[in-house]
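Enquirer: how does the following fold in three dimensions:
(one chain, ligands or ions: 2)
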Amino acid sequence: MSRGTMKAAVLRGWNDLAVESIDIPQPGPGDVLVRVRACGLCGTDLKMVKGAFEARGWPPSLPFVMGHEWSGEVAALGEGLDDIGLAVGDKVVAENHIGCGRCPMCRSGRYNLCEKAGTPGYRLYGHTAPGALAEYAVRPAPMLHKLPDSVSPLEGALVNQGSLTVHALRRVAFRPGSTAAVFGPGLLGLLTAAVARAAGASRVIMVGRGSRLDLAEAMGCDEVVDYEKEDPVDGIRRLTASRGVDYVFDCTGNPTVPAQALDSVRRGGKVALLGLTGGTPSSIDVDRLTLDEIDLLGIRSSPNAYPAMISLMRSGAVDLGPLVTHVYPINDVAEAFDALENRTAIRPIVEF
Ligand SMILES: [Zn+2]
Ligand SMILES: [Zn+2]
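Expert: Ligands and ions are numbered 1, 2, ... in the order given. Modelled structure (predicted):
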């Protein structure tokens with residue numbers, strides 16, 4: 001494929017994101033060039049724009065193209081991919097973590113925790129390697145998963161976050177017939193509720209505020225607790241005869257929530273943290289955790305979870321349609337970030 005240029009949203013400095021024309025990346029051996037169809041923006045992107053993850057090396061240098069929640073269409077295959085099962089025109093979604101493949105974590109399937117993070121063999125696309133807020137992106141073929149025709153490119157842009165919730169439910173070994181509370185009716189929280197419901201939750205309680213709680217009910221929550229009207233721990237205890245829920249999923253990234261989550265779970269229950277606070281410390285009641293044998297789990301990325309999420313969408317067990325509400329052309333990417341910051345959009349998606 002001949003070299004050409006493409007539009008991309010380029011982070012040039014902190015709080016300085018601009019749409020520029022840059023070279024289309026070229027697929028090397030084993031790589032696939034993908035025409036990006038849709039790319040969602042999340043809180044991590046917003047924090048990266050502001051430089052909140054500078055110390056972490058996200059991005060490692062400027063200028064940088066972000067974007068890690070996306071779907072597209074195969075545009076060209078690099079050398080050596082004759083039997084990979086992908087063809088030009090296939091709809092795909094991409095994972096972001098590629099580990100070294102050789103360290104103990106990679107070899108045990110936990111490539112999201114690759115021990116070579118920070119070295120050249122390890123890449124986290126959209127964070128340490130170029131993202132997909134651009135018309136084209138190149139990825140190693142194993143990072144791509146085919147999307148069925150019944151899933152739109154816009155819904156495809158939600159697979160990344162959906163897969164994270166699949167990983168969370170696996171990490172807590174979610175049991176059918178159990179109860180869950182989700183803190184944070186943002187995209188991640190709403191997806192967690194929907195996937196927990198698909199996994200056999202008997203009851204899902206959402207904690208949040210405002211109009212987003214209406215959407216929580218549409219996504220399969222049985223009850224909501226508005227923390228502007230009631231203390232969230234009191235609310236969950238009220239709804240569970242003081243017992244607490246079996247599982248709590250903190251999808252907020254708010255440093256005050258882990259303590260509330262611990263107070264909302266039953267004795268012997270499990271708390272999963274899915275958000276990042278951007279480096280702000282959080283304090284918890286260690287005695288409560290220890291004496292009530294609560295499992296506290298960090299959830300990072302979505303290793304081996306994309307196929308399951310895609311299957312849940314294909315089968316209709318999870319319907320992401322209600323979550324696709326705010327779509328922008330690339331030229332309006334600044335407006336899309338504003339919608340994220342002002343909380344007017346659950347998930348702004350840039351469509352190409
Ligand atoms: Zn994200
Ligand atoms: Zn590794």
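Enquirer: what's the burial count for A117?
Expert: The local packing count at A117 equals 18, with neighbours defined by other CB atoms under 10 Å. All C-beta spots, glycine's among them, are computed from the backbone N, C-alpha and C.
Enquirer: scratch that, P59 is what I was asking about
Expert: Applying other CB under 10 Å, we find 21 residues neighbouring P59.
Enquirer: try L296
Expert: Under the neighbour criterion other CB under 10 Å, L296 is assigned a count of 16.
Enquirer: please read off the pLDDT at it from the model.
Expert: Reading off the confidence values, L296 has pLDDT 98.
Enquirer: next: the one 5 residues further on.
Expert: At S301, the model reports a pLDDT of 94.
Enquirer: my guess is A52 meets L276, correct?
Expert: No - using CB atoms under 8 Å, A52 makes no contact with L276, being 9.2 Å away.
Enquirer: P148 contacts G316, correct?
Expert: No - counting by CB under 8 Å, no contact exists between P148 and G316, whose distance comes to 11.3 Å.
Enquirer: pick out the residue of this structure closest to ligand 1.
Expert: C42 (3.2 Å; CB to the ion).
Enquirer: what's that residue sitting at in phi/psi?
Expert: The phi and psi torsions at C42 (degrees, to the nearest 10) take the values phi -130, psi 180.
Enquirer: which residue packs closest to it, ignoring adjacent ones?
Expert: Setting aside the residues directly before and after it, C42 is nearest to E69 in space (CB to CB, 6 or more residues apart in numbering), at 6.1 Å.
Enquirer: residue contacts, the one you found?
Expert: 39-42, 157-158, 160-161, 347 (CB atoms under 8 Å, 6 or more residues apart in numbering).
Enquirer: quick one: least confident of these?
Expert: Comparing pLDDT over the contacts of E69, the lowest score belongs to C42 (92).
Enquirer: any idea how many residues pack against the closest residue to G28 other than its chain neighbours?
Expert: Computed as CB to CB, 6+ apart, the closest residue to G28 that is not its neighbour in sequence is G78, at 5.5 Å. Close neighbours of G78, defined as other CB under 10 Å, add up to 17.
Enquirer: what are the phi and psi values for G78?
Expert: Backbone torsions of G78, given as degrees, to the nearest 10, read phi -70, psi -180.
Enquirer: residues contacting it?
Expert: 27-33, 141.
Enquirer: are any of those residues buried, and which?
Expert: Buried by 16 or more other CB atoms under 10 Å: 27, 31-33, 141, out of the contacts of G78.
Enquirer: helices - which of those residues land there?
Expert: When the buried ones among the contacts of G78 are checked against helices using DSSP state H, none is located there.
Enquirer: tell me the SS of C100?
Expert: Each residue gets one of three states, and C100 gets coil by DSSP: H, G, I helix; E, B strand; the rest coil.
Enquirer: follow-up on the earlier one: show me which of the buried ones among the contacts of G78 is closest to L213.
Expert: For the buried ones among the contacts of G78, the minimum distance to L213 (CB to CB) is 40.4 Å, reached by V32.
Enquirer: which bits of the protein sit near ligand 2?
Expert: Where the chain comes near ligand 2, counting by CB under 5 Å from the ion, the residues are 99-100, 103, 106, 114, 116.
Enquirer: near ligand 1, anything from stretch 49-58?
Expert: No - in this structure, stretch 49-58 remains apart from ligand 1 according to CB under 5 Å from the ion; the gap is never smaller than 11.2 Å.
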